[in-house]
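1. Provided below for reference: sequence and predicted model.
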Amino acid sequence: MHSRIVKMESTKKSSVSSVGILTISDSCSKGSAIDASGPHLKELVQAQFNPKFIQYDIIPDDMDKIENTLLYYADVLHLNLVLTTGGTGFSHRDVTPEATKKILDKEAPQLQLAMSLASLEKTKFAVLSRAVSGIRKQSLIINMPGSKKAVSECFESVRDVLSHAIELIRNDLEQVQSVHRCVQDAQSHPPNKAEKTKSLPRHICPHKTGTGDGIDRNSPYPMIGVEEARRIILSKLRQYNRNEIASFTSFESPLDLPPFRASIKDGYAVKSGGGKGIKKVIGYVSAGDEINDDDFTGDCCYKINTGAPLPNHADCVIQVEDTKVIEIDSNVEKIIEILVEPSKDLDIRPIGNDLWKGERLFPDGCFPDSVSYPAMFASVGQIREFLQPKIGIISTGDELIAAGNELSSGKIYDSNTVMLKELLHRFGFTDIRSVIAEDSYKSLFERMKEMTNTCTVTICTGGVSMGDKDFVKKVLLDLKMDLVIGRVNMKPGKPMTYASNPQGKHVFGLPGNPVSAFVTFHLFVLPALRYLQGQEEQKLQLSVISVELLNDSIELDPRPEFVRATIISVKGKLYAEVTGNQISSRLQSICGADVLLHLPPRSSNQTFVSKGAVLDASVLKHDFISFYRNQL
Ligand SMILES: Nc1nc2c(c(=O)[nH]1)N[C@H]1C(S)=C(S)[C@@H](COP(=O)(O)OP(=O)(O)OC[C@H]3O[C@@H](n4cnc5c(N)ncnc54)[C@H](O)[C@@H]3O)O[C@H]1N2
Ligand code: MOO
Ligand SMILES: [Mg+2]
């Protein structure tokens, strides 16, 4: 897919602030034809709406690609308006309407009628268009034919109603989503019928999505679920960084291992044809010796060590335990007796037994990690470090003083930088730089620009919530990054922010509270870093186990909660005990934290979890069992 993001400064306000233009054409996608209708649509859209953001792509006439791109535009980019051009006719490759119908929530046939009537005034061939229009989530999607003239006519016939159509879609869905969120956050108080109507949203939802200014001071960012946030981040990584990820299937061994026939035992190299009995010891072979090519008779043998190269004319090794010394002189064995019948190839590791020349270092389904990757390369003579994404840490805050310095009034020590560095080391990431940014727009803008220029992943802490010095989101938008996550429905970590750009740069704006940063690092940053190391997608998240709760009772929060807990093994069964007060400023709650317990959000039929509840828990470290006991 050829992809280009065009962003413009807005001068007049329009409700159409983000537009997708999708050219669907085999020949334009291959480069054998030049797309005229897509760029023309872009000019028309720009003149009509002056949107802040236009996403323009060219893809072939392929059902799956069309469907996936439309889903990406509607579900991930949340574009207001999506105009497709091409693939609407009668030829066998034309499948745009079929792919579009598959993803629409509602059809809007009158838009097509308006466009058809306008086109029919110019040409009777307009009846040969099968285009469809409709709504998916908050996006209005309209198919148009694949010529410059046709898109002009079609756009002209509907352009005056598009802005209003989008206002209707956004208001409607905003309302529904706000109610849904309130239900999620406070399920003990489900909205009644009146509350669901547009004019009566009386229930004050603490997490409702607003404009963030004027009288509506709620965050303008929708609060999405943890799983949805993970999906969005992964889709961005796949979109922007897939090609950078090394394919482990391509590494082949340049040599055989072992490179020679090697003895598996300490013993005697013999000719199996010589049978058992008395043998004259005609030499000693140790690991590292050259391969011996001298022929010998069946009544002779070589003393040999494990790993030593087998003499070329021997075909069997008899271990020391199956022999007897008959004659020895000054510690040098002269004659021995073989007590068992020798058999060909016994205790010999053939050439290429462990890895043969041309064999893949990392077979299918077996992905390397920070140990096996450099070790496998070293075994075939190559020095290779495991993939190390460049990582930048920015801690924001005028209050921060680095440990080791004197604390003055109103200041606190910076623990986030140290914690994140140590976590990165724990998980094998070494290419790290860090900086502290002051709580000013200028300072943060400069630090963020610098970091995003040099690093693939920037982990920023603080400055993502609602304060007048919380500049992270604004800076990311001004750096023209796609800010696709502004809040997540979780505790702690609600203001978690994520943005990326087509250059494959990713920024995680973690909340400043130290425990919120700890939790969101594990749930969102670590999987992204693992992706960039080439890890298998199923292995990006922390391992999840089942544990039994030891605490008497824990009150549930309206948000799903990730609670730090210590693991106790009682005869192999795993129990979890919460690490004290869980307020997100109390760093001490990560002391002794072996897992993050997943607590469900409060609901009308569940307001707390009690002792004995079986819960999922994300494992934070390898040595995750703190105590072993015989009984509780
Ligand atoms: N009006 C609202 N206020 C807040 C909301 C909200 O929804 N509405 N959300 C709260 C939640 S939840 C969190 S979490 C925090 C997130 O705050 P920020 O990401 O904006 O972070 P800061 O304001 O910069 O700092 C918060 C807190 O953390 C301390 N901090 C920051 N950096 C460090 C560091 N490197 N080492 C140690 N401690 C650090 C900072 O001093 C503050 O105490 O917002 C709530 N507010
Ligand atoms: O989500 Mo904040 O992280 O509750 O403290
Ligand atoms: Mg703040």
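-> Structure received. Numbering: from 1, shown residues only. Ligands and ions are numbered 1, 2, ... in the order given.
2. what distance do you get for the closest residue to ligand 1 within the chain to ligand 3?
-> Going by Cβ to the nearest ligand atom, ligand 1 is nearest to Gly512 of the chain, at 2.6 Å. Yep, even glycine has a C-beta here, placed from its N, CA and C like the rest. As judged by Cβ to the ion, to the nearest Å, Gly512 and ligand 3 stand 6 Å apart.
3. so which bits of the stretch 451-600 of the chain are right by ligand 2?
-> 491-494, 511, 513, 516, 584 (Cβ under 6 Å from any ligand atom).
4. try it again at 8 Å.
-> Residues of the stretch 451-600 of the chain lying close to ligand 2 (Cβ under 8 Å from any ligand atom) are 490-496, 511, 513, 515-516, 519-520, 559, 583-585.
5. which SS class is the residue nearest in space to the middle of the chain?
-> Nearest to the mean C-alpha position of the chain, counting by Cα atoms, centre = their mean, stands Ala528 at 3.5 Å. Per DSSP: H, G, I helix; E, B strand; the rest coil, the secondary structure class of Ala528 is helix.
6. that one contacts Ile232, correct?
-> No. Counting by Cβ atoms under 8 Å, Ala528 does not reach Ile232; the two are 11.0 Å apart.
7. let me see the mean pLDDT of stretch 581-598.
-> Average pLDDT, stretch 581-598: 97.
8. does that stretch come close to ligand 1?
-> Yes. Stretch 581-598 reaches ligand 1 (Cβ under 8 Å from any ligand atom) through 584-585, 587.
9. so which of these is the most crowded?
-> Ser584 (19 neighbours; other Cβ atoms under 10 Å).
10. now do the contacts for that one.
-> 491-493, 511, 513-516 (Cβ atoms under 8 Å, 6 or more residues apart in numbering).
11. again, only this time at 6 Å
-> Ser584 makes contacts with 492, 513, 515-516, as judged by Cβ atoms under 6 Å, 6 or more residues apart in numbering.
12. what residues are up against the closest residue to the residue of the chain closest to ligand 1 other than its chain neighbours?
-> Closest residue to Gly512 apart from its sequence neighbours, by Cβ to Cβ, 6 or more residues apart in numbering: Gly462 at 3.0 Å. Neighbouring residues of Gly462 by Cβ under 6 Å, 6+ apart: 396-397, 512.
13. same question, Ala108
-> 133-134.
14. pLDDT score assigned to it?
-> pLDDT, Ala108: 96.
15. so Leu476, which of the three states?
-> From three-state DSSP, the assignment for Leu476 is helix.
16. please report how far the closest residue to it other than its chain neighbours lies from Asn353.
-> In space, and not counting its chain neighbours, Leu476 is closest to Ala499: 4.3 Å by Cβ to Cβ, 6+ apart. Per Cβ to Cβ, to the nearest Å, Ala499 is found 51 Å from Asn353.
17. quick one: low-confidence parts of the chain?
-> Where the chain drops to pLDDT under 70, the residues are 1-13, 172-216.
18. can you do 80?
-> 1-14, 72, 76-77, 171-217, 246-247, 249, 365 (pLDDT under 80).
19. how about the residues of it by ligand 2?
-> Counting by Cβ under 8 Å from any ligand atom, the chain sits next to ligand 2 at 490-496, 511, 513, 515-516, 519-520, 559, 583-585.
20. cutoff 6 Å now
-> So the chain meets ligand 2 at 491-494, 511, 513, 516, 584 (Cβ under 6 Å from any ligand atom).
21. quick revisit: part of a strand, is the residue nearest to Leu476?
-> Yes. Applying three-state DSSP, one finds Ala499 inside a strand.
22. which ones are touching it?
-> 476, 481-483, 507.
23. state the helix or strand in which Ile282 lies.
-> strand 277-285 (DSSP states H and E).
24. packing partners of that strand?
-> strand 300-304, strand 332-338 (3 or more Cβ pairs under 6 Å, 6 or more residues apart in numbering; DSSP states H and E).
25. where along the stretch 301-450 of the chain do the helices fall?
-> Using DSSP state H, counting those that start in this stretch, the helices of the stretch 301-450 of the chain run over residues 372-379, 416-426, 441-454.
26. report the angle between the last one and strand 497-501.
-> The reference is to helix 441-454. If you take axes from the mean of the first three to the mean of the last three Cα atoms, to 10 degrees, helix 441-454 sits at 50 degrees to strand 497-501.
27. which other helices and strands contact the helix or strand containing Glu43?
-> Assigned by DSSP H and E, Glu43 belongs to helix 37-49. Packing contacts for helix 37-49, counted by 3+ Cβ pairs under 6 Å, 6+ apart, involve strand 18-24, strand 81-85, helix 148-185.
28. what's the distance between the nearest residue to Asn241 once chain neighbours are set aside and ligand 3?
-> Spatial nearest neighbour of Asn241, excluding adjacent residues (Cβ to Cβ, 6+ apart): Gly504 at 4.6 Å. In this view, Gly504 and ligand 3 are 28 Å apart by Cβ to the ion.
29. likewise for Ile348?
-> Counting by Cβ to the ion, the gap from Ile348 to ligand 3 is 68 Å.
30. who's in contact with the closest residue to that residue other than its chain neighbours?
-> Once flanking residues are discounted, Ile348 sits nearest to Arg261: 5.4 Å by Cβ to Cβ, 6+ apart. For Arg261, the contact set (Cβ under 6 Å, 6+ apart) comprises 310, 348, 350.
31. any idea which of the residues you listed has the most stuff around it?
-> Leu310 (24 neighbours).
32. residue contacts, it?
-> Counting by Cβ under 6 Å, 6+ apart, Leu310 has contacts 261, 263, 269, 348.
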